[in-house]
Structure formats: structure tokens, C-alpha cells
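*Asks:* next one to model:
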Amino acid sequence: MAKVTVDGIEVEVPNGSNVLQACEAAGKEIPRFCYHERLSVAGNCRMCLVEIEKAPPKPFASCAYPVADGMVVHTDTPMVRAARRGVMEFLLINHPLDCPICDQGGECDLQDQAVGYGGDHSRYHESKRAVVNPDLGPLVKTIMTRCIHCTRCIRFSTEIAGVSEMGATSRGESMAVGTYVEKALSSELSGNLIDICPVGALTSKPYAFVARPWELKKTDSVDVLDAVGSAIRVDTRGAEVLRILPRINEDVNEEWLADKSRFALDGLKRRRLDTPWIKRDGRLVRASWPEAFAAIEDRLRGVSGERIGAVAGDLCDAESMVALKDVMASLGSTNLDCRQDGAAIDASRREFYLFNTSIAGIEEADALLIVGANPRTEAPLINARIRKRVLMGNFPVALVGAAADLTYDYAHLGTQPGDLGSLIEGSHAFAKALETAKKPMIIVGQGALTRADGAAILAECWKLAAQANMLTPDWHGFNVLHTAAARVGALDLGFATGKTLAHMARGGVDVLWLLGADEFDAAQIPPSTFVVYQGHHGDRGAARADVILPGAAYTEKDGTYVSTEGRVQRGAMALFPPGEAKEDWKILRAFSAMIGKPLPYDTLDAVRARLAAVNPVFSVIDALPRFGAGETSGPAVGGDIGSAPFAPVVANYYMTDPISRASATMAACTAAHAPITSIAAE
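*Replies:* Down below sits the predicted model:
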């Protein structure tokens, strides 16, 4: 540790820190544009100038100057103030004065620092330069005349996203930042360029000219469009979600957010279910809530519990799932399923279906094997964390499955499950890397579990984990990567008993309740099965329904969700559901009273007490204790492993759920990234 004195305040900082970090440790604010805590140091904006005693009499860029023991730093001297004003004056020479129409207004670092550290006049009156605006696709809007060449976007694309598409051409006044070949950005993390841009050069294209920051109501919540559980902030105005931004959560998403989670919000207002519907004479007609409940009650009359089933969708909150489970229990049914993709998951022990290493724990691992997964499309933020670990060095990565661009180098061991055998036998070169690693880990994806031999592959992966020293008292290297936000919570609640979805959908039940279940072919359900669909979008499940009950989307209710790593988090209501739509657990509570079997809870707190009673994990919110492997016996082996190659489970990253499928922005992204078919091929 080095002792540094900043404006008379002595602090200790780790050796290798820079002066800017020392100043922040002392509580001093240092202006900066190019410096970012998670990016490499560029040192090119020169705004973070400070004065250092016993050094040449000139201001130093604090972000690029290392600390030394006994160093004395001054952050507010006449020299520093004059230097910062000079830098700001130069930055504003070519910057356009279009703040009134700039979407960065109110959240602009350049505005804030010009007021706090700039001068009150300029000596330059020449014409300002103009720069061509490259088209970066449907998500990021460019006005590059505002660019101050901080290169944050270039460093983020290269270092964090791992897609080196941004760069600078020419030099001096002719320098321009953009893509070398004009095309849409291909990264699933491109929206973060908007957040890190300190000026209005890169802004949100869908949000252009929509609102100002001070007009918005801000609600902290959690993302459900994948299973990562990213911390988000939902910005609303009136009855509409206008913006979704990331919140800092170092253990989960750091400060980044995947594009689908950020930009699919326009799907929240399209194709919405806002009133109950009943099918009469083959056509859906509008109905009241009592009429819809009465129709369900009439159909349930005389039906045994064995012929009733329920399916929970991928976006469901735990409150609605426990309420549906209790309703089914009151009807005598144990036919519950949450695995729309048919994943072979052993729910007998929680560690069989969790990302046990934890997302933050990836940075501690020293070897990785991926089986049947593509983290880049299934969980972009986990993929970014893996890339972060790769850049640290000494982290061999191997993949068994379909080859893909994961933004980092890896050894492709094969495409078939049989290729795992060479690792277990120790005949493959990567087996040596696993054997010598102190904290190796394995990620098993849904591409491995949704196969007919998924149970056997799960058992084989566990066997490999036990053999490769991944299961120790202080380290748990076995991980299942889920793609559905509701999956882990449903498994924790025991929502996988009785008949499977495949059995129920083939006529195994007479009444089937779909709770936001849209990720399977509902058209295969026979006409004799009475289908109740409870959800928020007119998607696949609603198209087959006999009764539709309009529910609330994740931004419209207080809900509990469990991420792929087992972290229990709570989302908050940012606005009310549209029309006559209601919160899902309240719909089920009202229906239970209608049929004379009321659920024993009337408030949200009572429902959450019921969650904790069903499984104590729901009593610990937003905390994930680290743990090693206890019992090393594996999941049940189900049959033999086949020879069919692994196939990707995400065909189109931008359309994986009812919300994103209803989004015009996601449709534009799909079109922008569609493969170009040549005229000859046509």
C-alpha cells in the first residue's frame, strides 16, 4: 500500500493505483471524459489534471500517472484550474451548441463539467467542423460532430464486448470515430455505448426526442428477459415505459445491460391483453371477469384433479407460481410443469440446476468447459464476465457443442455428447488443463438438457465435474445456464411434478392452465382440452386459449424472481397494468374465492410469507452466500447418450419471449442482422 496525501488528506491505496483513484479515495472529485473504471487507460482527454509536488512544474493527467509512496497531490490550485479551463475551451471549439435538442441533455458529462470546471468565454470564432454520422443500426443513434474523441466506445467494444467494430480513422482535426465499414453493430451489448459516451455523440435511437430525464419516474427493478437477473431502472412517464437502464450490481451485471433487456420495452405496449376473453362458437369474444371465471368454473365441474394441469411460463414471478400451485392443489392436481422446452432437470437437489460458481465467481476460476451452450446469445452478460476472466490470463476455455463466436478464444472439442468421453478418460489434451486447474468449472447449457438424452448428459457432466476436482468443500464448479427467468424459481417451488408438459399437451389433461406459457407449440393441444391462458401478450398461448385472463407484465407488478445462480431478487411495480388487466397472483386469489376454495392470503406480504414457507430460500433477498460442494453423488442417470450433435437453443437472440416478439425495435434488429442472400442463391 502506498500513502498519498491529497489536498492535505492522507490515504492509503494499493500499489499500482493511479493518482485519480487516490484522489477519489480521499473524497475529491476529479473531472474526466476518457477515463472509465472498467476500461483501459487512454489518457487522451487531459481533463483530469492535477498538480504533484516534487515533480516538474506542470499539470499531470491523474488517470495515467501511477502513485508513489509519500506523493503529495493538489487538485485545486491556480495552475490546475487554468489548465482545466484551457482543456474545456479546446473541447468546446468544435462542439456544436445544440444542447436544447440533444438527448443527452440533463445527463451530459460535458454539460456538467463545463459548468463546474470550464471558463465563461471562448476565444475561438472559426467555423466548427462537421463529421459524417455513421449508421450503427437500429439501436444507437450517432451525431459524431459532438464527439470529443474520448475513445470510450472503441475501448468498450474491443475490451468488454469483444467485438472490434468501433475505431478511429484519420488524425488531428480529421479524426472520426465509427465503424470501418458502415454496418449495424453486431454486439449484444451495444446499448452500453450510450451509457459510457460522455457527450451526445451516441444516444438511443428508439428513445430519440421522446423525453427529458427530469420528466421521468424512476423505479428500481430486475430484468426478466434472460436468467441473469440484471439490476435495472425502469423510467416511466404516465402509463408508458420510456426507458430501461442498468443499475450497478457488481455481483451480477456490474454496470452493463444486454440489448434485448434494454430496448425491447416497446413490446410492453403492443399486442397487450387488457380484457378477459371467452371462446364462443369458435371465436374469442370480450367478457367480464365474473363471466371468465364462471366459464372456467363450469368446465372444471366434475373434472378430477388427475385431469387438470398447469404450466408456468418463462417470465413468471414466484408469487403467481405459488398461487397457481396452491389453486391446483385445491383442485386435487399435482400436474405442474415449468419446462416448456422439455429440459431434463433433476430437481432433487438445488445444486443440480443452479449456476453454483456464481457469476462473480467466474473471475476466480482457472479453467472452463462449456457443454451445449452459447453464452453470448443465451446470457450476454455472463459471456462478458467470461471474456473479462479470459483477458486476465491463464484461463483455458473449451467448448463441446455447436461452434460459435463467443468473443474469446476457445478449444472446440467437438459437437457431439460423445466428445465428453475423451475428457473423462483423460485422453484429450484439455483434460490435462482441467486436472491441473485449482478451480475449474463447467457450464451445461439448455442445448444439452433439452435433448432426449438430456438426463444422461447432465449425469455425465456431473461425473466429469467430480472427477476434474470441480466439487470441493470450498469450490463448486458445476453450473447450469438457464435461459428463462422463471425457471429456477419454479423449480425451487416444486413446480415440476406429475405429468410433464409434453404429456399434458397431447391430451393428458382435460383442463390446462397456461400461466404466461408461450414457448411451446400450443397448436398441438387437442381441441378437447380446455385451455385457460393467463398472461399479458396475445402470443402463442393466447391463440389457443378458450378463456384468456389478462395479467401484468414484469414492469407492472411487484414480483420475486430467482436468477440462474439462485439469487432471489424482487422487481417493483413501475406502472399499472393496462385496461382491466390485474396482477397475476390477485387473479388467482380472486378465482379461488369464486370456486369456494379461497387461498389463505390476501396481501403481497402474506404471499411472500407463503413463498418462504414453501422454500426458505425465498426469505433471503439479493444475497448469495458462496458455498462449496457438499454431497458429490450425482443426478439420476436416465438412459444412454445419443450421437446427435448439439444444436443451439436460441435461433434469434432478439426474439425469445412474448415481449421481444411484440417489439418493433427487436424486429428491426432481426432484419438488420439477417443473413444477406445473394442473387445467385435466390
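
*Asks:* residue ranges of the strands in the stretch 501-650 of the chain, please?
*Replies:* 511-515, 530-535, 547-550, 559-562, 568-571 (DSSP state E, counting those that start in this stretch).

*Asks:* which SSE is K463 in?
*Replies:* In this structure, K463 is located in helix 454-467 according to DSSP states H and E.

*Asks:* any idea which helix or strand comes after that helix?
*Replies:* Proceeding C-terminally, helix 454-467 gives way to strand 471-472 as the next helix or strand, assigned by DSSP H and E.

*Asks:* residues in contact with the helix holding K463?
*Replies:* Counting contacts by C-beta atoms under 8 Å, 6 or more residues apart in numbering, the residues outside helix 454-467 that touch it are 342-346, 352, 369, 371-372, 417, 420, 423-424, 442, 444, 448-449, 451, 470-471, 477-478, 632, 634-641. Quick note: C-beta positions are derived from backbone N, CA and C, even for glycine.

*Asks:* quick one: average pLDDT of that helix?
*Replies:* Over the span of helix 454-467, the pLDDT mean works out to 93.

*Asks:* run a quick neighbour tally on the residue nearest to Y410 when sequence neighbours are not counted.
*Replies:* Leaving aside its chain neighbours, Y410 sits nearest to V397 (4.1 Å; criterion: C-beta to C-beta, 6 or more residues apart in numbering). When neighbours are counted by other C-beta atoms under 10 Å, V397 registers 21.

*Asks:* returning to that earlier point: gap between the helix holding K463 and the chain center?
*Replies:* 27 Å (C-alpha atoms, centre = their mean, to the nearest Å).

*Asks:* repeat that for stretch 375-386.
*Replies:* Relative to where its chain is centred, stretch 375-386 has its mean C-alpha point 9 Å off (C-alpha atoms, centre = their mean).

*Asks:* please save the CA atoms from it in CSV.
*Replies:* Backbone C-alpha positions of stretch 375-386 (Å, rounded to 0.1, in the frame of the first residue of the first chain) are rendered in CSV as follows:
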residue,chain,number,x,y,z
PRO,A,375,-23.4,-17.9,-23.5
ARG,A,376,-23.2,-15.0,-26.0
THR,A,377,-26.8,-15.4,-27.1
GLU,A,378,-28.2,-17.1,-24.0
ALA,A,379,-26.7,-14.8,-21.4
PRO,A,380,-24.6,-12.0,-22.9
LEU,A,381,-23.6,-10.6,-19.5
ILE,A,382,-22.3,-13.9,-18.3
ASN,A,383,-20.4,-14.2,-21.6
ALA,A,384,-18.9,-10.7,-21.0
ARG,A,385,-17.8,-11.9,-17.5
ILE,A,386,-16.1,-15.0,-19.0
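
*Asks:* and it, which residues are buried?
*Replies:* Applying a neighbour-count criterion of 16 or more other C-beta atoms under 10 Å, the buried positions in stretch 375-386 are P375, R376, T377, E378, A379, P380, L381, I382, N383, A384, R385, I386.

*Asks:* pick out the most distant pair among those.
*Replies:* Of all pairs drawn from these, the widest gap by C-beta to C-beta lies between T377 and R385 and measures 15.1 Å.

*Asks:* before we move on, back to that, of the strands of the stretch 501-650 of the chain, which approaches Q111 most closely?
*Replies:* Sorting these by C-beta to C-beta, the top spot, which is the nearest, belongs to strand 568-571 at 32.0 Å.

*Asks:* mind saving the C-alpha coords of the closest one as CSV?
*Replies:* These are the backbone C-alpha positions of strand 568-571, laid out as CSV (Å, rounded to 0.1, in the frame of the first residue of the first chain):
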residue,chain,number,x,y,z
VAL,A,568,-33.6,-14.2,-5.1
GLN,A,569,-34.4,-10.7,-6.3
ARG,A,570,-37.5,-8.5,-6.3
GLY,A,571,-38.8,-6.3,-9.1
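
*Asks:* ok so, going back, quick one: which of the buried residues of stretch 375-386 sit in strands?
*Replies:* Of those, none are assigned to strands by DSSP state E.

*Asks:* just put these in a markdown table and tack on distance to P134 and pLDDT.
*Replies:* Below are those laid out as a markdown table (distance: C-beta to C-beta, whole Å; pLDDT from 0 to 100):
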| residue | distance to P134 | pLDDT |
| --- | --- | --- |
| P375 | 29 | 96 |
| R376 | 24 | 96 |
| T377 | 25 | 96 |
| E378 | 29 | 96 |
| A379 | 29 | 97 |
| P380 | 23 | 97 |
| L381 | 26 | 97 |
| I382 | 30 | 97 |
| N383 | 25 | 97 |
| A384 | 24 | 97 |
| R385 | 29 | 97 |
| I386 | 29 | 97 |
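
*Asks:* so which of those comes closest to E107?
*Replies:* Top of the list for closeness to E107, among the buried residues of stretch 375-386 and by C-beta to C-beta, is L381 at 22.6 Å.

*Asks:* that closest one contacts S230, doesn't it?
*Replies:* Yes. Under the criterion of C-beta atoms under 8 Å, L381 is in contact with S230, at a separation of 6.2 Å.

*Asks:* can you list residues touching both of these two?
*Replies:* Both L381 and S230 are in contact with V252, N253, W256, L257, A258, where contact means C-beta under 8 Å, 6+ apart.
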